[in-house]
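Participant: This is a predicted model, with the sequence first.
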Amino acid sequence: MTALPANPTPPHPANRLGLQYRLEAARLPWAGPIWDVHTHLEDVPAARRFFEVAELFGVERVWSMTQLERVDAIREAFGQRVRFIAVPNYDASEDPRTFTTDWLRRIERFAEKGCRLCKFWAAPRGVDYSPELRLDSPIRREAMRLARSLGMAFMVHVGDPDLWFASKYRDTNRYGTKAQHHAVLERVLDDFGDVPFIAAHLAGDPEHLDRVQGLLDRHRNLYLDTSATKWMVRELSKKPGEFREFCQRNAGRVLFGSDIVAEAADLSFDLFASRYWALRTLLETDYDGPSPIDDPDLLLGDSGLSKSPSPEPPEPPAAWLRGAKLDTATLGNVYRAAAEQLLGNL
Ligand SMILES: [Zn+2]
């Protein structure tokens, strides 16, 4: 016999608290414009839904990793509100040319369309797709030389949550350690010292802002974005004061990004709104309470893995959210000035 749930409608995984995101957006303190340097807008209908939410949260310009074939349509529909980041054709991941010859051709085509930012995704799990996805593979370096010659800056994804290294990346022979991935990043930062790099997700290490500071101090061409909401909320809420000081100290080098993925599979208002609400609450306020977003990663790691398998899927947990309440000048830098300085003319 199964007990009836007390609430027959399960809460939305992006709105466990039943927030009225439209009202909440208007209540957030920051009133200025925001530029989001890290989004994924799949096509025009998805982007239309996304921009409804973006407008509510004051996001006036975004950079999007959109497949080359859909760039023109999105630009036609949204004009200057969206700029593009060159990406391989992930729809054809099985084709060996996708990360080699086709990728080089696409970088040129993106550049012809005015794109001035090129993404090099090098998460540890990239080895499961293709050896070419290592950040310093020969083809990657060739692509970097090409992108540099076309006047592009780089965006990189290096590392992943510590919780993943403690679970799905335990095979360090295969996936490497976070320190090893950072060492590769440092080599590439040196070899392309004249190119600005935006390392997504706080260089993949919000767990250790001291290490990220070391990267920034050693590499003047390194910038960061704040994207990946669940990860940032989970880790930065453990140390809002340290995060505040980090943003103040590195003014101009920390850019706002969300990593919102707008795709046909899930166009729910709450999904997009929850990301902007949580990130803005983290940055602007001294909120001290539960995050409204399910965070299944909290089930990973040593404690999660050692539990015996249960017949019922575990209740999805949520992180605790503690705001860093950045001062107005620092917020202005993170939300727009840093991106304007770095990418305004790109
Ligand atoms: Zn992303």
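Facilitator: Structure's in. What do you need?

Participant: Check the gap between L326 and P316 for me.
Facilitator: Distance of L326 to P316, computed by Cβ to Cβ, to the nearest Å: 29 Å. Where C-beta positions appear, they are placed from N, C-alpha and C, glycine not excepted.

Participant: So the two - more neighbours on which side?
Facilitator: Higher neighbour count among L326 and P316: L326, with 23 against 15, using other Cβ atoms under 10 Å.

Participant: hang on, isn't the more buried one packed against R244?
Facilitator: Yes: in this structure L326 lies within contact range of R244 using Cβ atoms under 8 Å: 5.7 Å.

Participant: buried residues in stretch 281-295?
Facilitator: In terms of neighbour count (16 or more other Cβ atoms under 10 Å), stretch 281-295 has its buried residues at 281-285, 287, 291-295.

Participant: Would you tell me which helix is longest in the chain?
Facilitator: Of all segments of type helix in the chain, defined using DSSP state H, the longest is helix 269-284.

Participant: Can you list the strands that the next helix or strand after that helix pairs with?
Facilitator: Scanning forward in sequence from helix 269-284 by DSSP states H and E, the next helix or strand is strand 288-294. On the basis of DSSP bridges, the sheet neighbours of strand 288-294 come out as strand 318-322 (antiparallel).

Participant: in the partner strand, what's buried?
Facilitator: Neighbour counts over strand 318-322 (16+ other Cβ under 10 Å) mark 318-319, 321-322 as buried.

Participant: which is the next helix or strand following that strand?
Facilitator: Past strand 318-322, further along toward the C-terminus, the next helix or strand under DSSP H and E is helix 328-332.

Participant: Now do that next one, average pLDDT.
Facilitator: Computed over helix 328-332, the mean pLDDT rounds to 98.

Participant: next one: stretch 177-189
Facilitator: Regarding stretch 177-189, the rounded mean pLDDT is 97.

Participant: try stretch 66-79
Facilitator: Computed over stretch 66-79, the average pLDDT equals 98.

Participant: Need the residues that contact that stretch.
Facilitator: Residues outside stretch 66-79 that contact it (Cβ atoms under 8 Å, 6 or more residues apart in numbering): 40-44, 47-48, 51, 64, 82, 84-87, 89-91, 106, 109-110, 113, 115.

Participant: can you rerun that using 7 Å?
Facilitator: Stretch 66-79 is touched from outside by 41-44, 47, 51, 82, 84, 89, 91, 106, 109-110, 113, with contacts defined as Cβ atoms under 7 Å, 6 or more residues apart in numbering.

Participant: go on, stretch 213-231?
Facilitator: With Cβ under 7 Å, 6+ apart as the contact definition, stretch 213-231 has outside contacts at 37-38, 161, 182, 186, 189, 193, 195-203, 206, 232, 246, 250, 253-259, 275, 278-279, 293, 295, 297, 319, 342.
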